[in-house]
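Trainee: predicted model and sequence below, questions to follow.
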Amino acid sequence: MKTRYFHSLLSLVTASLLLAACGSSDPGTAPATDTAEQTAPAAADTAVTETTVDPRYADAIGSHDFGGEDFHFLLCGDGDPYNWSEIDVLSEGETGETINDGIYARNLALEERLNIKITGLFDMNATTTLTKTVSAGDDAYDAAWLRLDAAGPAAQTGAVYDWHDVPQVDLTKAYWDQSIIRDLSIGGKVYYLTGDISTIDNQATWIMMFNKNMVNEYDMEDPYTLVREGKWTLDKFSEMTKDIARDINGDGKYTIDDMYGLSTTIDTIYGLFYSTGLSFISKDSDDLPYFDLDMQKAQDVLERTAEIFNEGNRTLVASRITSQTSDVISGIRQAFFEDRALFYAEVMFHVANLRQMETDFGIIPQPKYDEAQKDYITFVNPAGSCLTVPITVGNVEQSGIVLEAMASESYRHLTPAYYNTALQQKYTRDDESAEMLDLLLQNRVYDLAMIYSWGNINASYRALADKNDTDLSSLVAKREKQVVSGIEKFLAAFETE
């Protein structure tokens with residue numbers, strides 16, 4: 001996982017992190033590109049050398065000669081990072097932009113090592129294109145990056161390989177994200193991967209930011225200390241957001257121009273659900289999914305989440321300001337930017353848009369359920385992407401060799417470039433935020449119910465909290481049969497593959 005590299009890098013950059021600062025699947029939520037002037041070393045200068053590579057990140061591929069053939073990727077999106085495109089595959093050359101140059105250095109090393117040419121085609125309907133291609137028996141793509149929230153049909157129809165059946169790929173290596181393997185496997189089969197080979201999984205990770213000026217102004221406890229002491233809980237978060245709201249312009253209404261305890265999208269309802277250790281799906285001893293919701297705990301979390309989102313005008317929610325602005329994502333960010341929101345919750349890539357913010361801010365994980373909960377848990381928004389291998393690929397061993405080597409080379413080139421940018425130019429203004437990034441990336445979760453939309457249970461729960469409806473029992477009574485039926489139908493198709 002990338003966090004291991006980050007942990008080892010942290011001690012090297014601690015003295016230099018006091019620099020000027022620099023998600024969601026809602027419409028308008030999108031990654032920001034790095035267009036600022038680069039002041040940190042180029043990616044090539046920060047790449048991990050062969051002599052320093054942790055054995056967990058060293059592949060066993062060796063060198064191969066594929067005769068200069070094209071290795072062709074199907075890439076989700078249209079090439080625009082604001083549409084959650086998988087932009088970490090292609091680079092036309094060095095530009096001085098750190099991440100691009102890391103991609104270029106990785107591809108150059110890979111192409112020289114294997115004598116191949118990395119190519120790709122963007123497609124806004126990548127999953128549909130892939131399944132149609134496979135149905136036609138076409139081997140047009142050697143690998144495919146799909147949006148996680150649209151990837152379900154690829155596995156469900158048998159269009160992609162179980163990664164265990166792709167030769168030369170070692171799923172135990174640390175450059176493959178072990179969380180996605182653990183959470184999205186079914187019956188021991190793994191259809192989706194990510195890791196050092198892409199930064200999108202990190203960019204899609206749900207985080208929380210706090211306004212340091214407002215914390216001091218309201219004489220509040222230091223969020224960093226709360227996190228370190230295990231006291232950053234849902235109760236504490238609710239308490240801190242409770243009495244912040246102000247009708248700044250005195251018009252008797254709470255609008256986009258007023259002050260709030262939290263500024264966010266409705267996907268923070270997901271963030272708070274998963275950060276408290278809840279899930280709609282568990283897996284049995286055979287790694288098969290089943291519906292499993294802790295009703296008592298979920299009811300408690302729902303009530304407190306609904307309170308945060310609805311009582312006392314404490315939260316500015318993107319979906320509620322569509323009549324006030326055409327860019328709701330910028331609207332919620334601007335409240336934080338202008339010291340009108342104590343907390344701002346979004347996916348990781350939105351931190352880049354705060355580089356010009358005058359007030360210092362910090363980054364922390366979503367709160368735990370209570371102090372007894374061992375770890376902070378972070379939700380990965382399924383707008384991110386995952387790597388697959390089409391079942392019709394002409395040479396599956398070649399695909400395995402190229403992708404395994406690409407993941408390993410990404411650890412040496414792309415990951416240092418990403419963290420160089422993230423740590424020193426975009427994501428942190430203090431040592432503590434860097435420490436928190438390490439912490440929140442250590443315990444991330446993915447959700448099968450969201451990938452396969454079983455009973456639409458996740459979105460239905462989110463809608464309850466959003467509209468201040470806490471009748472969880474009625475929701476479960478209505479949706480449980482649909483969830484169970486969806487799982488059963490999936491497993492029936494799964495068993496016939």
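Mentor: Okay, I see it.

Trainee: pull out the buried positions in the longest helix out of those in the chain.
Mentor: Counting by DSSP state H, the longest helix found in the chain is helix 396-421. Buried residues in helix 396-421, defined by neighbour count with 16 or more other Cβ atoms under 10 Å: 396, 398-421. C-beta here means a position set from N, CA and C on the backbone, and glycine is covered the same way.

Trainee: I'd like the average pLDDT over it.
Mentor: For helix 396-421, the mean per-residue pLDDT is 93.

Trainee: do a quick rundown of the strands in this structure.
Mentor: 69-76, 116-123, 143-147, 206-211, 260-264, 281-283, 289-291, 315-317, 341-347, 361-364, 378-379, 385-388, 444-445 (DSSP state E).

Trainee: could those be laid out in TSV, adding mean pLDDT, mean neighbour count and distance to residue 157?
Mentor: Below are these laid out as TSV (pLDDT from 0 to 100; neighbours: other Cβ atoms under 10 Å; distance: least, Cβ to Cβ, whole Å):
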stretch	mean pLDDT	mean neighbour count	distance to residue 157
strand 69-76	98	21	15
strand 116-123	97	18	17
strand 143-147	98	28	13
strand 206-211	96	25	30
strand 260-264	97	26	35
strand 281-283	96	17	21
strand 289-291	97	19	18
strand 315-317	97	25	36
strand 341-347	97	27	29
strand 361-364	94	24	39
strand 378-379	95	24	27
strand 385-388	97	28	12
strand 444-445	96	20	26
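
Trainee: so which of those is nearest residue 432?
Mentor: Nearest of the strands of the chain to residue 432, taken as Cβ to Cβ: strand 361-364 at 6.1 Å.

Trainee: center of this structure - which residue?
Mentor: residue 204 (2.4 Å; Cα atoms, centre = their mean).

Trainee: tell me how far it lies from residue 170.
Mentor: Residue 204 sits 25 Å away from residue 170, going by Cβ to Cβ, to the nearest Å.

Trainee: now do residue 261 against residue 462, distance only.
Mentor: Taking Cβ to Cβ, one finds residue 261 at 20 Å from residue 462.

Trainee: then residue 262?
Mentor: From residue 262 to residue 462 the distance is 16 Å (Cβ to Cβ).

Trainee: likewise for residue 162?
Mentor: Counting by Cβ to Cβ, the gap from residue 162 to residue 462 is 31 Å.

Trainee: which stretches of the stretch 51-200 of the chain have low pLDDT?
Mentor: For the stretch 51-200 of the chain, the stretches with pLDDT under 70 are 51-53.

Trainee: what are the boundaries of the helices in it?
Mentor: Secondary structure of the stretch 51-200 of the chain by DSSP state H, counting those that start in this stretch: the helices cover 98-114, 126-135, 152-156, 178-184, 200-203.

Trainee: now for the residue nearest to residue 249 when sequence neighbours are not counted, how many residues are close by?
Mentor: Among residues not flanking residue 249 along the chain, residue 257 sits closest, at 5.8 Å (Cβ to Cβ, 6 or more residues apart in numbering). Residue 257 is flanked by 17 other residues according to other Cβ atoms under 10 Å.

Trainee: and residue 177, by the same measure?
Mentor: 28.

Trainee: likewise residue 295?
Mentor: Residue 295 has 10 nearby residues by other Cβ under 10 Å.

Trainee: wouldn't it be in contact with residue 477 here?
Mentor: No - in this structure, residue 295 is not within contact of residue 477 by Cβ atoms under 8 Å, at 10.9 Å.

Trainee: how much space separates residue 252 from residue 322?
Mentor: Counting by Cβ to Cβ - residue 252 and residue 322 are separated by 21 Å.

Trainee: just residue 190 next, same as before
Mentor: Counting by Cβ to Cβ, the gap from residue 190 to residue 322 is 39 Å.

Trainee: relative to residue 232, how far out is residue 365?
Mentor: Residue 365 is 7 Å from residue 232, by Cβ to Cβ.

Trainee: err, residue 328, not the other one
Mentor: For residue 328, the distance to residue 232 - Cβ to Cβ - is 27 Å.

Trainee: likewise residue 172?
Mentor: 32 Å.

Trainee: identify the residues contacting stretch 291-311?
Mentor: 234-235, 237-238, 241, 261-262, 266, 269, 272-273, 276-282, 314-315, 317, 369, 454, 461, 464-470, 472-473, 476, 480, 483-484, 487 (Cβ atoms under 8 Å, 6 or more residues apart in numbering).

Trainee: mind running it again at 7 Å?
Mentor: The contact list for stretch 291-311 (Cβ atoms under 7 Å, 6 or more residues apart in numbering) reads 234, 238, 241, 262, 269, 272-273, 276, 278, 280-282, 314-315, 317, 369, 464-466, 468, 470, 472, 476, 480, 483-484, 487.

Trainee: buried among these? Need that as a selection in ChimeraX.
Mentor: A single ChimeraX command selects the buried members of those (16+ other Cβ under 10 Å):
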select :234,238,241,262,269,272,273,276,278,280,281,314,315,317,369,464,465,466,470,472,476,483,487
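
Trainee: okay, and which of the contacts of stretch 291-311 map to helices?
Mentor: Those of the contacts of stretch 291-311 lying in helices (DSSP H): 234, 238, 241, 269, 272-273, 464-466, 472, 476, 480, 483-484, 487.

Trainee: of those residues, closest to residue 80?
Mentor: Nearest to residue 80 among those, with distances taken as Cβ to Cβ, is residue 269, at 27.1 Å.

Trainee: do you know how far the residue lying closest to residue 67 once chain neighbours are set aside is from residue 239?
Mentor: Distances taken as Cβ to Cβ, 6+ apart place residue 115 nearest to residue 67, at 6.4 Å, with adjacent residues excluded. Distance, residue 115 to residue 239, using Cβ to Cβ: 60 Å.

Trainee: and residue 123, by the same measure?
Mentor: From residue 123 to residue 239 the distance is 47 Å (Cβ to Cβ).

Trainee: ok, now which ones touch residue 216?
Mentor: Residue 216 touches nothing, counting by Cβ under 7 Å, 6+ apart.

Trainee: now it: how far from residue 357?
Mentor: For residue 216 relative to residue 357 (Cβ to Cβ), the value is 16 Å.

Trainee: domain assignment for the chain?
Mentor: Taking automatic domain parsing as the reference, the chain has its domains at 2-203+382-429, 206-379+453-495.
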